[in-house]
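# no sequence on this one, just coordinates:
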C-alpha cells in the first residue's frame, strides 16, 4: 500500500512586547498608552529602557535606549519597574494553554513552537486554530501575540515576524521564498550582523535569495556547518520537530575553538578563555541572566571525543572576572600544560536576574 | 625499623594527621603518612600544599605503655590503607616491622599485612619555624572563634585573599575577620600574649582552620601559636599543626561597617532563625534564596519570600524592641541562617541603615561578635 508522508504544520507564537503587555494586562489604566519598562526608581534620568509597549515603540522608543532619551522622545510615557515574577507567571500560564492545543516547545519566555499536525489531520484548519489562540489570549488575559504558520520551524518563525502586533501569517515554502528572498540576510533568523558582514565580504551575498542560491562548498568554507544550515534556512528548509522537553531559552551557552597544532601553553589557553568569557558575559547580560556553572570543554586527540570539567559557583554570576577565575581554577586543576586540540568555555545553570547581591566593592 | 604501638593511640594519631593527607596530588609520597621513631616516642607526619600535621605518641603516659621501640627507623605508608588496617586490627598492640627495601609488615594478633612503603628521606621536610611571635589561647575559645567566623569566607577563587580568615592581635585582644564580600563575620577574644606582641593582616586559609578545628580538643587546655611571615604553627601536647598563610593585603573592612543606624530592633534569636528557615523552604535548590523583611513600628516583622514557579510564603515574628524608622529590606536567607546558627545568645540586635546598606547583627549580651550582611536589590 502506498503511504503518503503526512505534511506537518508548525505554529510559532510570539507574544508581542511581552513585558509591557503583562503590565498592561494587570493594570487596565495602562492599556492603549505608551508604557516603558525600565528606568531607575530613584533617579528619573538614569536607567535603560528594558521593554516598551507598541504605543511607545510607535513614538520611536527602542529597547536599550536610555530612560533620559526615551523621556525626551515621548514625555507622556509611563515608566514601570520590571517584574520578572509577573512575566514568569504569565509565561507559565500561556505555555499551559498552548499545551492544550498541541505539543509545545518553549523557545523563550515569550515564544513557543506548537505542533498543530495532529489537529490538522483531524480536519481542523490551521488558520482557525491560530485565530482561536490569538483571540483567546487577547480576550482572556489581554495579551497580544503574532503567529507564524509553516511546514517547518524556520517558516513558522519567520512568518511570525511579518505582522506585529496581532498578525497571523501562513506561508508555503514558495511564498516564504517570494517574500524573504529580496530581503537582506540580517532578516534571516540565525544570521546576526557579524555573519551578514562576513557573507557580504567573503561571498558578495546581500540578500536571503543570494544566500539560498550560493553553492554548497563556498558557504561551507566560510561558515562551516552553520553555513549549510543557514543556506537551507534561506531556502525555507529546516527541522520540523517540536521538542516539548526542551527548556526555555536553552540550557547552555558556550564558545569553543580548534587549534591547528595542540596548545599546552597555559598563558595562551587562559588568554583564549578570557576572550570567550567576555563574549559569553555580554550574551548573558543581553538576556538578563546569570550563570552558576562554568565548564571547560577540551579535546586531547584531534579526532577524539570532547571532554569537559565543570564547577558550580555558590551564587549565579555575570561577572567576567568570576567566570575567568573559575575557568583558570579548572584549567590548573585538570589540564595544566596538557596539549589541547580543542578548547572551549561553557556556561549553564542559568537564573534570571531577579535579584542582585550588593557587594562590598560597591561600598568601599 | 621495628616497633610495637598501642593500637588506639595509633588510630587516634592517624585520624588527626589524615586531615593533612592530600587525596589528589601530583606528588605521590604526599598520599602517605610518615612514621618515624625517636627517643621520646614515634611521630606521624602528613602534609599537603596548605597544611602539615605532626602527631607524637609518647613512649608512655601515666604509667601506660604506648610505644616500644626495638629498632629505630622511619617509613612512609599509604594513608588510605594504613587508616583502615589499623582500625580493624584485632589486638591491643600493633607490631610494625620494616625491612631495608621499605617492605613493611604490620602484625596484630594473628593478622599480618605486608605493605609497600616509601623512603621517608623523600618526604618533604616541614618548615623550620623560628619562635618569635608566640601567644596562647584556650582550645575551646579558639574552636568557637573558628566556628563563628569560618562560614563567612569566600569559596570562590575570584579573590583568593577572601578565602582566608584575617587575624590581628593587639595587646591581649585577638581578632578574626572573614568575608566573601557579601557578608562579614568579626570575632574578638582575650589571649595570653606579651604586651609588646602585635600583628595584623595575618591571613590563614579558611580550610586550614576548619581542619584544625576538627582535631583540637574541646577543653580549656592552652594552644601555643607561632606566627611567621609565611607560616603559622599551632602547638598542643602532642600535635604540631602548620598552615601556610595567604599573601596579600586584606581589604579594610572597617570602612563598610556603618557607625550609625536608622532602625534598631531586638529579636529572639531562635524565633527569627525558625522564621527565616521557613521562608527558605520554597527556594528551589537554594537558588535565589532571597527573603524580604519589613519592620513596622507596631512591633511586628513580616518575613516573606517568593519563588516564581513554586509559590509564596509569609511569616511574622514579634519585635522585642524597636527604635527608629520603618524599613523594608531583602537579603540572602542563607547568610542570615549561617549567622544566626553560630549565635549562642538568646536575643540579637539588628541595626539597619536603609534598604541598600549593609546591616549589623550582634548578640545583645556580648560585644565581641559582629556580623554584617549586604542586602540584595530586587527587580520583582
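Looks like it came in fine. Nothing here was measured: the structure is a model prediction, and the numbers come from that model.

# quick check: which ranges of the chain have low pLDDT?
Since you didn't name a chain, this refers to chain A. Chain A contains residues with pLDDT under 70 at A:1-6, A:40-45, A:245-250, A:352-354.

# not quite, go with chain B.
Looking at chain B by pLDDT under 70, you get B:24-25, B:284-288, B:308-309, B:379-380.

# how is it partitioned into domains?
Listed domain ranges for chain B are B:2-122, B:133-253, B:258-373 (source: automatic domain parsing).

# could I get those as CSV with mean neighbour count and distance to residue A:293?
Backbone N, C-alpha and C define where each C-beta goes, glycine included. Shown next, in CSV, are the domains of chain B (neighbours: other CB atoms under 10 Å in any protein chain shown; distance: least, CB to CB, whole Å):
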stretch, mean neighbour count, distance to residue A:293
domain B:2-122, 17, 21
domain B:133-253, 18, 13
domain B:258-373, 17, 12
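
# just the element for residue A:328, please.
helix A:320-330 (DSSP states H and E).

# oh, I was asking about residue B:224
Using DSSP H and E, residue B:224 falls within strand B:222-227.

# tell me what that strand is packed against?
Judged by 3 or more CB pairs under 8 Å, 6 or more residues apart in numbering or on different chains; DSSP states H and E, strand B:222-227 is in contact with strand B:133-138, helix B:139-149, strand B:231-235.

# repeat that for 7 Å
Packed against strand B:222-227 by the contact rule (3 or more CB pairs under 7 Å, 6 or more residues apart in numbering or on different chains; DSSP states H and E) you find strand B:133-138, strand B:231-235.

# can you list the residues that contact the first one?
By that I understand strand B:133-138. Residues from elsewhere that reach strand B:133-138, judged by CB atoms under 7 Å, 6 or more residues apart in numbering or on different chains: B:169, B:174, B:189, B:191-193, B:197, B:199, B:220, B:222-227.

# change it to 10 Å
Applying CB atoms under 10 Å, 6 or more residues apart in numbering or on different chains, the set of residues contacting strand B:133-138 from outside is B:142-145, B:169, B:172, B:174, B:189-194, B:197-199, B:202, B:219-229, B:232-235.

# can you show me the strands along the stretch 201-350 of chain A?
Per DSSP state E, counting those that start in this stretch, the stretch 201-350 of chain A carries strands over the ranges A:252-263, A:289-299, A:307-317, A:340-352.

# can I get these in a markdown table with mean neighbour count and distance to residue A:64?
As requested, the strands of the stretch 201-350 of chain A are exported to a markdown table (neighbours: other CB under 10 Å; distance: least, CB to CB, whole Å):
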| stretch | mean neighbour count | distance to residue A:64 |
| --- | --- | --- |
| strand A:252-263 | 14 | 19 |
| strand A:289-299 | 21 | 16 |
| strand A:307-317 | 17 | 22 |
| strand A:340-352 | 21 | 18 |
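
# how about the residues of the stretch 201-350 of chain A near chain B?
By CB under 10 Å from any CB of the partner chain, the residues of the stretch 201-350 of chain A that approach chain B are A:288, A:290, A:292, A:311, A:313-317, A:319, A:321-326, A:328-330, A:332-334, A:336, A:349.

# mind doing that once more with 7 Å?
A:313-314, A:321-322, A:325-326, A:329 (CB under 7 Å from any CB of the partner chain).

# could you flag which of those are buried?
A:313, A:322, A:325-326, A:329 (16 or more other CB atoms under 10 Å in any protein chain shown).

# quick one: which of the residues you listed is nearest residue B:35?
Closest approach between those and residue B:35, by CB to CB: residue A:329, at 33.9 Å.

# the closest one: what's it in contact with?
Residue A:329 neighbours (CB under 7 Å, 6+ apart): A:311, B:157.

# dihedrals phi and psi, residue A:145?
Main-chain torsions, residue A:145, degrees, to the nearest 10: phi -140, psi 160.

# any chance of the domains of chain B in a markdown table, plus distance to residue A:54?
Below are those laid out as a markdown table (distance: least, CB to CB, whole Å):
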| stretch | distance to residue A:54 |
| --- | --- |
| domain B:2-122 | 58 |
| domain B:133-253 | 40 |
| domain B:258-373 | 26 |
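
# which one of these lies nearest to residue A:222?
domain B:133-253 (38.5 Å).

# tell me the bridge partners for the closest residue to residue A:289 other than its chain neighbours.
Using CB to CB, 6 or more residues apart in numbering or on different chains and skipping the chain neighbours, the partner closest in space to residue A:289 is residue A:350 (4.8 Å). Using DSSP bridges, the beta-bridge partners of residue A:350 come out as residue A:291.

# and the gap between residue A:350 and chain B?
10 Å (CB to the nearest CB, to the nearest Å).

# what's the answer for residue A:269, then?
Shown here: residue A:269 relative to chain B, a distance of 17 Å by CB to the nearest CB.

# cool, thanks, signing off.
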